Every structure is written in C-alpha cells, then in structure tokens.
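Undergrad: predicted model and sequence follow; I will ask about them next.
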Amino acid sequence: MGHFENVNKIKYEGPDSTNPFAFKFYNPKEKINGKTMEEYLRFGVAYWHTFTADGSDPFGSGTMLRTWDKFKGMDLAKARVEAAFEFFEKLGVPYFCFHDVDIAPEGSTLKESNQNLDIIVAMIKDYMKDSKVKLLWNTANNFTNPRFVHGAASSSNADVFAYSAAKVKKQLEIGKELGGENYVFWGGREGYETLLNTDLKLEQDNLGRFFHMAVDYAKEIGFDAQFLIEPKPKEPTTHQYDYDVATAHAFLQSYGLQDYFKFNIEANHATLAGHTFEHELRYARVNGMLGSVDANQGDPLLGWDTDEFPTDLYSTTLAMYEIIKNGGLGSGGLNFDAKVRRGSFEQDDLFHAHIAGMDAFAIGYKVANQLVEDKVLDSIVEDRYSSYRSGIGKDIVEGKADFKKLEDHALGLTDIANISGRLERIKATINQYLLRAYTM
Ligand code: XUL
Ligand code: CO
C-alpha cells in the first residue's frame, strides 16, 4: 500500500498540458548551457512542511490528516520515511532536507533521542541506496522544545548551550553518514526579546564559540559539507541575531568564521527583513557567500513568515538571475521551505504545490538565462556607470584620486549631466521576456 496511490511519476508535458499532475515548464532533461534543468536547479523537498505539518495555526487545529498519521511514535517516523521516498520518486526531485525532530521523535533523554535517530537514519540510508535522492542538508531543531525558551547557543543557560552542542554534534555525524552536501544553521531562538535581561555581548560571543566548535568537529570527523547560515530578521524572537545577509556576514567576519560559511537565503526571510529576495541573493553573491536557497515566498500583506510555495514569476526570474550570475549554487540547491495552505489539506495538494514551485523556477530560469544571454541588464548597468571607465571616474576606481584632486575636478565643472535610470523601460523589457517564456 502506497501513500500516494492515485499519483504516478510526474512527467513534463509542456505548456499546453491540462494534466494537473504534470510539469508544464520544468523539463528535467532539457539542457540549458550544457546542463540539464535537473542538474542545475537541484530542487529539494523540506521534510518538516511536507511530512510533519498538519495545517494547524494559532487559531485552529490541524486540517491535514495524512495516510501516515494512523501511526504513532517510531511507527509514525517509519511510515513518514516510506511516504517521503514514494513522494521524492514520484515527483522526481534530486534532494531532501530535514531537522532531527522531523525524522525521529524525541525520547525522554538525549540518549534515547539519539537512539531513535539511529534507527531512522539507518532506514533512510537503506532507502537512499535504491534511490537517486540525496541529502541537500540537515540541521538540528534547537528551538521547538521548551528547553530552548531562551535560545540555544545564545541561551542564558550553559546547560542549554551544552545540550544544543550535543544535538548539532549528532546531526553533523548524521550528515556525514548520509552524505549530506551542506549543513544549515538557522537561528531558531538565537536572538532576544528585550535588552532589559540580555547580555548581548556574551550571547554573541557564545554563538561565535559555538560555530567554531561546529567547524572543528566537522573537520575532526571528516564531514566536508558546506556550512550555511540562514538569516532571518524576526520570528520567533524580536531581534534575531542573523537579521539578514549583511548582518550575519559582519558577524562571521568579527568572529573569524567567514571562510567556513556561506548563506542559505530564504525568500520570505528576505522580505521580512524589508529586502527583496534578490537583494539578499545579490549581497551574498558579490561577497562570494551565496550557498543555497530556501525557495518560498511571503505574503506582502502579512508581517510574518507564511512560507508559501513560490509562484511569483517576477521573483523567481530575478532570483535565478542572481543564481546564474553566481555560476550556479555549487553544492547548494533550491529547497522548498514551503507549506501548503491550511485550506489545501488534501494529500495530493503536496504534489500540486511542488509542481507549481518547480514550474515557477523553471520559467524563472529560462527567462533569466535569456536576460543574461542578451546582456539586457548588463548593458543597462554598463551604460549607467560608464563615467567610471574614463577620466576622473577611472582615477577614482583605480585609487588615483584624493580629495584635493576631486575638488579640483569639481571646481572645473559647469554642468553635471545625469542620465535617466529608465526604470519603466527596463520593467517593460522584463515583462516582454517573461511573456515570451511560453515560446522559449
Ligand atoms: C524557519 C526556517 C527553518 C529553516 C531550517 O523560518 O526557515 O525551517 O529553514 O531550520
Ligand atoms: Co528556511
């Protein structure tokens, strides 16, 4: 008995297909610049949203009763593994991601939790042998259990710091065991609510110490996955320490960690920080720190993390533009840290949601690729900054100018001629490229 019996392997049927269980734009074997979409986009399924979430929100209980929910405890964990691999195979995704508590229930002691993990990890490893699906990243959930009320590595309680370290240690071992390509640190409750009871300096120093210990332990056990920090500005704490890429980058530099980490950038976290998704991607990219992506989208009318499946083509296009300019994501991928809406409670909706997200990124990829090939944005930017390629501009960028020389130059100016930013024309061009995607 399968968990998704009425769904067969999802295939590419093209833009005219009316089959809801088919890709319209994501064609895994189609090559762009010598690489298949499957190889380049590196989609991942988030175990937590897809196999553990039930649709509950602060105002109502779960709406989603899954086929695996007839089980409890370890049997439930095992049924989820079965369901997960059936889902991965049918969807044809190359990767998945999980937190420790997503795959195995916590025991009453750390030892018991680790024993539960060992059983499920052995089962996952077995399934992975017969499957092409790989682990994009794993992580430790150091925020749900009440012991993390004041944070994990930034907790006011040293015992919690130790417990958190033990959980990350175990996940690093599991990442190595399963061949994980990255390891993620999302801040969880690393942040604070009020300075009135907070030693901000000690908390940040402790976070720095924690990350160094994680780097050291990964080296010690020969786990060479890329470490990733996932910034988020708020929620659950008021002031999350890894607010955005710029903040977390400065933190990594202050603590001498910048060479060991890159960023896992989540679209909805970017918009919560008051940035666009592409801003965060660009900021990471130009600093050589773009590692991976949590592909989702927020609701601009809501001030919290809604984790919707990505369907906004403008956003996927500009995101893929950054990814292409980055030369791809390396060991990273596009992980759907996204959940079906509470009202989308049928099990099949899990397929519809992933298909929607994969198609949206496939379109974004094609459009962005065309924008890059035609140098649409490059030539706009090149023109706009042309003043830095000769005369005083060239002197500035070549370090041959100082304030006296600049004053001399300024005194000799009669008129300063600026050129238009041409924003509307640029947006119209992007629309033109987007609407042509259908024929690409
Ligand atoms: C929370 C979030 C997490 C991380 C992994 O907002 O995005 O699910 O991606 O801990
Ligand atoms: Co995320």
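TA: Perfect, I can see it now. Ligands and ions are numbered 1, 2, ... in the order given.
Undergrad: every contact and neighbour count from this point should use C-alpha atoms.
TA: OK.
Undergrad: what number of residues lie near F85?
TA: F85 has 18 neighbouring residues, counting by other C-alpha atoms under 10 Å.
Undergrad: which of the three states applies to it?
TA: Of the three states, F85 takes helix under DSSP: H, G, I helix; E, B strand; the rest coil.
Undergrad: nearest spatial neighbour of it, chain-adjacent residues omitted?
TA: Ranked by C-alpha to C-alpha, 6 or more residues apart in numbering and with sequence neighbours excluded, the top spatial neighbour of F85 is Y127, at 7.2 Å.
Undergrad: and the one you found, how far from R189?
TA: 33 Å (C-alpha to C-alpha, to the nearest Å).
Undergrad: for A225, same thing?
TA: A225 is 24 Å from R189, where distance means C-alpha to C-alpha.
Undergrad: again with L290
TA: 23 Å.
Undergrad: cool, and G274?
TA: 20 Å.
Undergrad: neighbour-wise, which of those two wins?
TA: The neighbour count for G274 versus R189, taken as other C-alpha under 10 Å, is higher for R189 (26 against 12).
Undergrad: find the nearest non-adjacent residue to the more buried one, please.
TA: Nearest one to R189, counting by C-alpha to C-alpha, 6+ apart, is G151 at 4.5 Å.
Undergrad: for A267, same thing?
TA: Nearest to A267 is F277, by C-alpha to C-alpha, 6+ apart, at 4.8 Å.
Undergrad: shouldn't the one you found be in contact with S315?
TA: Yes - between F277 and S315 there is a contact under C-alpha atoms under 8 Å: 7.3 Å.
Undergrad: and those two? which has more neighbours close in?
TA: F277 (26 against 19).
Undergrad: and the more buried one, what does it touch?
TA: Applying C-alpha atoms under 8 Å, 6 or more residues apart in numbering to F277 gives the contacts 265-268, 270-271, 315, 319.
Undergrad: ok, now G107?
TA: Counted by C-alpha under 8 Å, 6+ apart, G107 has contacts 113, 116.
Undergrad: next one: A46
TA: A46 touches 96-98, 335-338, counting by C-alpha under 8 Å, 6+ apart.
Undergrad: now swap in Y183 and tell me
TA: For Y183, the contact set (C-alpha under 8 Å, 6+ apart) comprises 137-139, 172, 175, 225-228.
Undergrad: need the contact partners of stretch 301-316.
TA: Contacts of stretch 301-316 (C-alpha under 8 Å, 6+ apart): 235, 268-269, 272, 277-278, 295-299, 336-341, 353-354, 356-357, 360-361, 363-365, 434.
Undergrad: pull out the buried residues from it.
TA: Buried positions in stretch 301-316, judged by neighbour count with 16 or more other C-alpha atoms under 10 Å: 304-311, 313-316.
Undergrad: again with stretch 53-62
TA: 53-55.
Undergrad: now, those residues that are in helices?
TA: Using DSSP state H, no member of the buried residues of stretch 53-62 falls within helices.
Undergrad: looking at those residues, spot the one nearest P146.
TA: Comparing the buried residues of stretch 53-62 against P146 with C-alpha to C-alpha picks out A53 as the nearest, at 18.9 Å.
Undergrad: tell me which other helices or strands the helix or strand containing K170 touches.
TA: Assigning secondary structure by DSSP states H and E places K170 in helix 158-177. For helix 158-177, the elements it packs on are strand 134-139, helix 200-221, judged by 3 or more C-alpha pairs under 8 Å, 6 or more residues apart in numbering; DSSP states H and E.
Undergrad: any chance you could map the strands in the stretch 1-150 of the chain?
TA: Counting by DSSP state E, counting those that start in this stretch, the stretch 1-150 of the chain has strands at residues 11-12, 22-23, 31-32, 35-36, 43-46, 95-99, 134-139.
Undergrad: on contacts alone, who are the packing partners of the longest one?
TA: In other words, strand 134-139. strand 95-99, helix 158-177, strand 182-186.
Undergrad: re the thing from before, got a list of what the residue nearest to R189 touches?
TA: 142-143, 188-191.
Undergrad: dump those residues to TSV, plus distance to A401.
TA: Below are the contacts of G151 laid out as TSV (distance: C-alpha to C-alpha, whole Å):
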residue	distance to A401
N142	51
F143	51
G188	46
R189	47
E190	44
G191	43
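Undergrad: could you dump these into TSV and include pLDDT?
TA: As requested, those are exported to TSV (pLDDT from 0 to 100):
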residue	pLDDT
N142	98
F143	98
G188	97
R189	98
E190	98
G191	98
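Undergrad: S17: which of these is nearest?
TA: The nearest member of those to S17, counting by C-alpha to C-alpha, is G188 at 41.3 Å.
Undergrad: in stretch 223-239, what counts as buried?
TA: Quick answer for stretch 223-239 (16+ other C-alpha under 10 Å): 223-237, 239.
Undergrad: nope, stretch 137-157 is what I meant
TA: 137-143, 147-148, 150-156.
Undergrad: how long is that stretch from one end to the other?
TA: 28 Å.
Undergrad: from F161, how far out is Q171?
TA: Distance from Q171 to F161, by C-alpha to C-alpha: 15 Å.
Undergrad: typed the wrong thing, it's S387
TA: Taking C-alpha to C-alpha, one finds S387 at 53 Å from F161.
Undergrad: of these two, who's got more company?
TA: Taking neighbours as other C-alpha under 10 Å, S387 and F161 compare with F161 leading, 20 against 12.
Undergrad: wait, doesn't that one sit right on V149?
TA: No - proximity of F161 to V149 does not meet the contact threshold set by C-alpha under 8 Å, at 11.9 Å.
Undergrad: and the gap between the residue nearest to R189 and S315?
TA: In this structure, G151 and S315 are 32 Å apart, going by C-alpha to C-alpha.
Undergrad: and if you look at T198?
TA: 38 Å.
Undergrad: what bridges to F96?
TA: Beta-bridge pairing for F96 (DSSP bridges): V45, L135.
Undergrad: wait, what's in contact with L135?
TA: 95-97, 175, 178-181.
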